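Chemist: okay, here's the prediction I keep looking at, along with the sequence it came from:
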Amino acid sequence: MGSRVQGARRASKQDMAALYQKYAPMVYRRCCRFFSGSEAEDMMHEVFLHVFGQFESFRGESAPSTWLYRVTTNFCLKRLYKINRRQELWLAHQQALTPPTEGQAAGQEAASMLSQLWRQLPPELVTVGIYHYGDGMSHQEIAKVLGVSRRTVGNRLEALRTEALKLQKRG
């Protein structure tokens, strides 16, 4: 397969198998940042099914590992959004049935604020925030993964902080 996948649009079953064999551990570790146990393993398999179906989107402008890291992160974030939305609807239903205690109310308020922030912000801000605050990545590392400049990463982090403060003041 080489250092870069050659002829991505004509990827063979051997190329796919080699990609899986080489990068499955990395993708699994990335999935573990979002999910645990068998759920992370299931996500890893789903990511590869997605990647194999969308392999022609790999342009070869970055290393396959960088591309897979970005695809995995985006895939996991989308799945978490769907899960969080379902949980939010369930909690809203439960809250209507039972009044929360003081400690629960504070936790629910914080979760609600984060959920609201998640839905209101553009995905590129959320992604940069996850990489920086969740993964502890430097601006340079994020820039490499996303294929943008360090300045763009800094601008997005600043925009994320600004939007979070605005939401906090409104809440």
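Modeler: Sure, I can see it. Numbering: from 1, shown residues only.
Chemist: what sits against Gly147?
Modeler: Contacts for Gly147 (CB atoms under 8 Å, 6 or more residues apart in numbering) come out as Glu61, Ser62, Thr66. Every residue, glycine included, has its C-beta placed from N, CA and C.
Chemist: phi and psi next, for it.
Modeler: Torsion angles at Gly147 (phi, psi; degrees, to the nearest 10) stand at phi 70, psi 40.
Chemist: what's the answer for Asp135, then?
Modeler: Backbone geometry at Asp135, expressed as degrees, to the nearest 10, gives phi -100, psi -10.
Chemist: just give the closest residue to it, not the sequence neighbours.
Modeler: Distances taken as CB to CB, 6 or more residues apart in numbering put Arg33 closest to Asp135, at 6.7 Å, once the chain neighbours are dropped.
Chemist: quick one on the thing from earlier: please flag which of the contacts of Gly147 sit within helices.
Modeler: Among the contacts of Gly147, the ones falling in helices (DSSP state H) are Thr66.
Chemist: and this protein, what are its domains?
Modeler: Here the domain parsing of the chain from automatic domain parsing is 11-98, 103-171.
Chemist: can you say which of the contacts of Gly147 are buried?
Modeler: Taking 16 or more other CB atoms under 10 Å as the criterion, what is buried in these is Ser62.
Chemist: wait, what's in contact with the residue nearest to Asp135?
Modeler: Here Arg33 is in contact with Cys76, Gly134, Asp135 (criterion: CB under 8 Å, 6+ apart).
Chemist: which of the residues you listed are buried?
Modeler: For the contacts of Arg33, buried by 16+ other CB under 10 Å: Cys76.
Chemist: could the domains of the chain be laid out in TSV, adding mean pLDDT?
Modeler: Listed next are the domains of the chain as TSV, based on pLDDT from 0 to 100:
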stretch	mean pLDDT
domain 11-98	79
domain 103-171	77
